[in-house]
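**Student:** pasted the sequence and its predicted model underneath.
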Amino acid sequence: MLFDLQPKTRREDLYDRENELSEFQNAVNLGENLILLLGIRRLGKSSLLNVALAESEMPYAKIDVRSLYFTHGSIPQEILARKILDSLLATVSGRKSLRLKLEKVLSSIRGLRISGLSVEFDRKPDLAEILEKISSWAENENLRAIIAFDEAQYLRLSGIRYDGLIAYAVDNLPGITFVLTGSEVGMLHDFLGLENPKKPLFGRYAREIVLQRFRREESVDFLARGFEEVGIEPGRQEIEEAVESLDGIVGWLTMYGYLRGVRELSHSEAMDELFNMAEKLIWEELSSLIQNSRRYGVILKAVAMGNVRWSTIKEYVEFKLGPVNDAKFSILLKNLLKYGYLEKRGNEYSIPDPVVKEVVKNLQLTLW
Ligand SMILES: Nc1ncnc2c1ncn2[C@@H]1O[C@H](COP(=O)(O)OP(=O)(O)O)[C@@H](O)[C@H]1O
Ligand SMILES: [Mg+2]
């Protein structure tokens with residue numbers, strides 16, 4: 001169902017994304033070992049990743065790095081190793097001889113035990129060694145093992161040099177393809193440092209698949225088809241209005257479709273409920289940022305209220321929170337660009353997601 005709120009896993013529930021899927025498959029077929037899926041929140045990266053992995057017919061492991069980070073407060077090697085192996089074992093569970101060979105290769109690692117579909121370590125595992133085994137197994141089988149890190153920019157917060165590990169694998173382990181997704185595109189680029197001579201992945205090639213929002217007529221068609229699926233027929237006017245406020249951001253369109261078509265709320269109730277839900281969600285997403293500096297929140301509010309220039313945004317922030325020096329203020333703005341909360345065209349800043357913009361505009365500064 002198009003209006004299912006969970007990230008999609010099946011092609012038939014995924015609207016379009018044909019080009020992105022075939023580009024992904026093409027990169028895998030060519031034996032490329034680093035693929036990036038990029039785009040702001042709620043454009044469907046996780047959904048695309050799920051479907052692309054399922055269709056690749058390759059063994060794969062998928063790790064939700066964001067939730068790992070928030071569960072553990074960091075990303076210990078041992079936990080990452082276990083997640084990779086558990087996930088890989090699960091995806092080959094139905095292919096018996098493949099699974100047995102993988103188990104055999106892994107059993108040569110000291111201190112590693114496999115019980116059912118899960119691995120245990122008697123000592124601190126060496127992730128590089130584990131990746132070497134996975135790669136040689138995949139090569140022997142004439143396959144590639146795909147290791148996908150969803151919201152990979154969180155790897156940078158772990159204190160462990162995972163960029164170095166990925167660089168090692170990219171250079172030396174031809175049986176593995178890494179797929180990294182990132183909502184915080186600038187942060188992911190910083191972490192990888194493909195263009196930073198001081199970083200281990202400098203100069204490496206990556207296939208970048210950048211998700212775009214739907215064009216207007218695609219958004220309208222997406223909603224119309226979704227409503228047809230659930231057997232209701234809202235007026236054209238309502239659909240147009242929804243697309244007007246939500247733009248082509250599939251996550252919001254899906255939420256609206258769910259509220260209007262599955263919960264069967266009226267158009268205005270569905271829009272109200274969407275903004276209620278969005279407010280909670282966006283507040284959660286922003287809260288760790290705002291805990292670092294309240295100025296982030298005030299900058300966003302300034303932009304949401306129509307201040308687009310460096311100087312007018314700064315004036316607003318200083319009016320609310322007192323003086324801030326130019327260099328410090330520029331860093332805050334740059335970070336918001338890297339997190340994907342702001343966009344910059346020429347000299348003008350904007351908030352790329354109209355729902356975020358609306359929610360931020362209404363935030364009460366006194367509550368922070
Ligand atoms: N191509 C698509 N067709 C239908 N629904 C989609 C599509 N892409 C994403 N969605 C829906 O949009 C929401 C956000 O998708 P998700 O994959 O979690 O985005 P992201 O990982 O970029 O934040 C989910 O409810 C998901 O089901
Ligand atoms: Mg996601």
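**Tutor:** All right, it came through fine. Ligands and ions are numbered 1, 2, ... in the order given.
**Student:** which strands or helices does the strand or helix carrying Gly297 pack on?
**Tutor:** Per DSSP states H and E, Gly297 falls inside helix 294-304. Where contact means 3 or more C-beta pairs under 8 Å, 6 or more residues apart in numbering; DSSP states H and E, helix 294-304 is packed against helix 267-292, helix 310-321, helix 326-338, helix 354-361. Yep, even glycine has a C-beta here, placed from its N, CA and C like the rest.
**Student:** can you tell me what sits against it?
**Tutor:** Contact with helix 294-304 is made by 286, 289-290, 312-313, 316-317, 320-321, 324, 329, 332-333, 335-336, 341-342, 349-351, 356-358, 360-361, 363, 365, 368, as judged by C-beta atoms under 8 Å, 6 or more residues apart in numbering.
**Student:** before we move on, back to that, including mean pLDDT and distance to ligand 1, could the helices and strands packed on helix 294-304 go into TSV?
**Tutor:** What follows is those, written out as TSV (pLDDT from 0 to 100; distance: least, C-beta to the nearest ligand atom, whole Å):
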stretch	mean pLDDT	distance to ligand 1
helix 267-292	95	10
helix 310-321	97	27
helix 326-338	98	17
helix 354-361	97	12
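**Student:** which of those helices sits most buried?
**Tutor:** Highest mean neighbour count among those (mean count of other C-beta atoms under 10 Å): helix 354-361, with a mean of 20.
**Student:** so what's the residue in the chain positioned nearest to ligand 1 scoring on pLDDT?
**Tutor:** In the chain, the residue found nearest to ligand 1 is Gly44; the distance is 2.5 Å by C-beta to the nearest ligand atom. pLDDT, Gly44: 98.
**Student:** before we move on, the earlier item: can you redo the helices and strands packed on helix 294-304 as CSV with distance to Val230?
**Tutor:** Shown next, in CSV, are these (distance: least, C-beta to C-beta, whole Å):
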stretch, distance to Val230
helix 267-292, 13
helix 310-321, 43
helix 326-338, 38
helix 354-361, 22
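**Student:** now do the phi/psi pair for Thr181.
**Tutor:** Per-residue torsions, Thr181: phi -110, psi 160 (degrees, to the nearest 10).
**Student:** any idea how far Ala152 is from it?
**Tutor:** Distance from Thr181 to Ala152, counting by C-beta to C-beta, to the nearest Å: 6 Å.
**Student:** do Arg66 as well
**Tutor:** 9 Å.
**Student:** before we move on, back to that, what are the buried residues along the helix holding Gly297?
**Tutor:** Using 16 or more other C-beta atoms under 10 Å as the test for burial, helix 294-304 gives Arg295, Tyr296, Gly297, Val298, Ile299, Leu300, Lys301, Ala302, Val303, Ala304.
**Student:** can you name the residues that contact Asn362?
**Tutor:** Counting by C-beta under 8 Å, 6+ apart, Asn362 has contacts Glu279.
**Student:** got a pLDDT number for it?
**Tutor:** pLDDT for Asn362: 90.
**Student:** could you do Leu365 as well?
**Tutor:** What the model reports for Leu365 is a pLDDT of 69.
**Student:** same deal with Asp353?
**Tutor:** 98.
**Student:** for it, the count of nearby residues, please.
**Tutor:** By other C-beta atoms under 10 Å, 24 other residues sit near Asp353.
**Student:** so Arg42 belongs to a helix, correct?
**Tutor:** No - counting by DSSP: H, G, I helix; E, B strand; the rest coil, Arg42 is not found in a helix; it is coil.
**Student:** which residues does it contact?
**Tutor:** Arg42 is in contact with Ile249, Val250, Gly251, Trp252, Asp353, counting by C-beta under 8 Å, 6+ apart.
**Student:** more neighbours: which of Arg66 and Ala152?
**Tutor:** Ala152 (25 against 18).
**Student:** residue contacts, the more buried one?
**Tutor:** Each residue near Ala152 by C-beta under 8 Å, 6+ apart is listed here: Val65, Leu180, Thr181, Gly182, Leu188, Phe191.
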